[in-house]
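> here's a sequence, model it:
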Amino acid sequence: MFAPVAAEVRDEWADVPAPDALVGLGWQGLLRVLRDGAPVHHLPPGPSPVVRRANLVGVGSDDVDAATTPGHLAGFMHPGATLLFTNGIHGGTAYKVGERPDDLDARHWHSIPIEKYVDPVGAGDTFLAAVFAAWVHPGITTGWDGPDPDLRLGAACGSLILEGPGVFGVPYLADAIRRMHGGDNPD
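Model (predicted):
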């Protein structure tokens, strides 16, 4: 799993994982330029060997121009890859890329309400990491009888990290499983 912060993952990293390895990527980290004392500058998405290599790619709607469509983003990915297009409190959509970039199979998810909003930093990467974990170890969502257990675990972890400052908000698996099933939230 690659989770860059400010484009520090270079093109040659696409060759690091074994050809049959499952690769996750937080694309938004490749689209940021940080300058000391200045607001974050966003780069437009474009071709990247790392993006093309990844099986699971996450990016937030707030990390790309409003006119950027999932179909446009899918054009940079390989067939069979999945794009997680997050949209904060509105949840998001997972798009499985077909043989053509406009051939997308969509699965929607809803965010999970939180008790107290503290810090949004890392929510997208935490969501992506949880979905990736569910892909690598599908048994961690055992007991969830609803649809899309990978996305539900991602939503649970994404909601939990919002409730704590920085790394202290990163959830434990037991807490995420409880939140997946509706425990420890306002609903």
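
> from what I see, Ala74 and Leu104 are in contact.
Yes. Here Ala74 reaches Leu104: they are 6.0 Å apart, a contact under Cβ atoms under 8 Å. Where you see a C-beta, it was placed from the backbone N, CA and C, and this is true even at glycine.

> what about the two, which has more around it?
Ala74 (24 against 19; other Cβ atoms under 10 Å).

> any idea how far that one lies from Val59?
As judged by Cβ to Cβ, to the nearest Å, Ala74 and Val59 stand 11 Å apart.

> name the residues contacting each of the two.
The overlap between the contact sets of Ala74 and Val59 (Cβ atoms under 8 Å, 6 or more residues apart in numbering) consists of Leu83.

> residue furthest from the geometric center of this protein?
No residue in the chain sits farther from the centre than Gly37, which is 27.2 Å out by Cα atoms, centre = their mean.

> hmm, back to that, quick check: neighbours shared by Ala74 and Leu104?
In contact with both Ala74 and Leu104: 83, 95, 97, using Cβ under 8 Å, 6+ apart.

> ok, of those residues, which one's closest to Glu8?
Of all the shared contacts of Ala74 and Leu104, Leu83 has the smallest distance to Glu8: 21.7 Å, by Cβ to Cβ.

> state the pLDDT value of that closest one.
pLDDT recorded at Leu83 is 98.

> what packs against the helix or strand encompassing it?
According to DSSP states H and E, Leu83 maps onto strand 82-86. If you count contacts as 3 or more Cβ pairs under 8 Å, 6 or more residues apart in numbering; DSSP states H and E, strand 82-86 packs onto strand 56-60, helix 70-74, strand 92-97, helix 123-136.

> do a quick rundown of the strands in the chain.
Along the chain, the stretches classed as strands by DSSP state E are 24-26, 32-33, 41-42, 56-60, 82-86, 92-97, 104-109.
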